[in-house]
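S.K.: mind looking at a prediction? Sequence and model below.
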Amino acid sequence: MTVIRFSRPVPAAPANEAAPAAASEDALCQFAEESYTAALGELADPEPFASYRAVAQLSGHLAVMRRAVLPAARHWLDGDRALPADCLAQARQTEWALRLLEGRLAGEACSARRTFDSVTARLEHCLGRYRGTERALLAALRDKMPGHEHDRLARHCRALLPAAPTRPHPRSPRGRVPAMLAFRFLGGWDRLMDEMDSRPGPRREKS
């Protein structure tokens, strides 16, 4: 089993992006940063299956954003569809990069021609761009949403995460209802495949 680690820390956001709000002020930013901290920690772990857990962690986070946060953004951002659309497009690119890493870890023929360095460099690039856009989206939501709605959305994201898909699905549906159904189906399917492949999912905090 080959271990994949980034050669340098993945950038959290472009230099001109604002830093995330304090955890006590922005529960959604805290949720996002916890996901990234967990995933990047796995990528730095020499344990053989850690890279699979990183893929699962990032895939679940992206799925929750698509399932819960992007619909809220379309509702609360006063008809501004550009930022949610940009976030979705960059999330898809990140999922394709995760899919490439997943294939390289599994030794799939379609990924075997690429070096590990090129695969991880692509993921670094896509994830860095996505995080900057996601951060801008979360900041816009913080400004527009009432506090109680914002906190409820953050709790909803945390509740969804244990049932989220554990593998990247860049072709998953975009519409609100199809995305909701796909989230549930793909989450269950991925866990079934993980069991069949003896593949670990993300670490979860015990309640």
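M.R.: Sure thing, it's come through.
S.K.: quickly find the element holding residue 192.
M.R.: In this assignment (DSSP states H and E), residue 192 forms part of helix 176-197.
S.K.: counting neighbours, what do you get for the nearest residue to residue 183 once chain neighbours are set aside?
M.R.: Ranked by Cβ to Cβ, 6 or more residues apart in numbering and with sequence neighbours excluded, the top spatial neighbour of residue 183 is residue 67, at 4.5 Å. (C-beta placed from N, C-alpha, C; glycine too.) Close neighbours of residue 67, defined as other Cβ atoms under 10 Å, add up to 23.
S.K.: for this protein, where's the lowest mean pLDDT among helices and strands?
M.R.: Least confident helix or strand of the chain, by mean pLDDT, DSSP states H and E, is helix 109-112 with a mean of 72.
S.K.: can you give the distance of it from its chain's centre?
M.R.: 23 Å (Cα atoms, centre = their mean, to the nearest Å).
S.K.: about what we covered before: the residue nearest to residue 183 contacts residue 181, correct?
M.R.: No: between residue 67 and residue 181 there is no contact under Cβ atoms under 8 Å: 10.2 Å.
S.K.: re earlier: for the record, mean pLDDT for the helix holding residue 192?
M.R.: In this model, helix 176-197 has an average pLDDT of 92.
S.K.: same question for stretch 31-47.
M.R.: 88.
S.K.: distance from that stretch to the middle of the chain?
M.R.: That offset, for stretch 31-47, works out to 11 Å (Cα atoms, centre = their mean).
S.K.: just for the chain, where's the confidence low?
M.R.: Scanning the chain for pLDDT under 70 picks out 1-25, 112, 204-207.
S.K.: all helices for it, in order.
M.R.: For the chain, the helices defined by DSSP state H occupy 27-43, 50-64, 70-76, 82-106, 109-112, 116-144, 147-160, 176-197.
S.K.: helices or strands next to the shortest one in the packing?
M.R.: Of the remaining helices and strands, those touching helix 109-112 by 3 or more Cβ pairs under 8 Å, 6 or more residues apart in numbering; DSSP states H and E are helix 82-106.
S.K.: what does the helix it packs on rub up against?
M.R.: With contact meaning Cβ atoms under 8 Å, 6 or more residues apart in numbering, helix 82-106 is reached by 1-2, 4, 51-52, 55, 58-59, 62, 65-66, 70, 73-74, 77, 110-112, 114, 116, 119-120, 122-123, 125-127, 129-130, 133-134, 136-137, 140, 167-170, 174.
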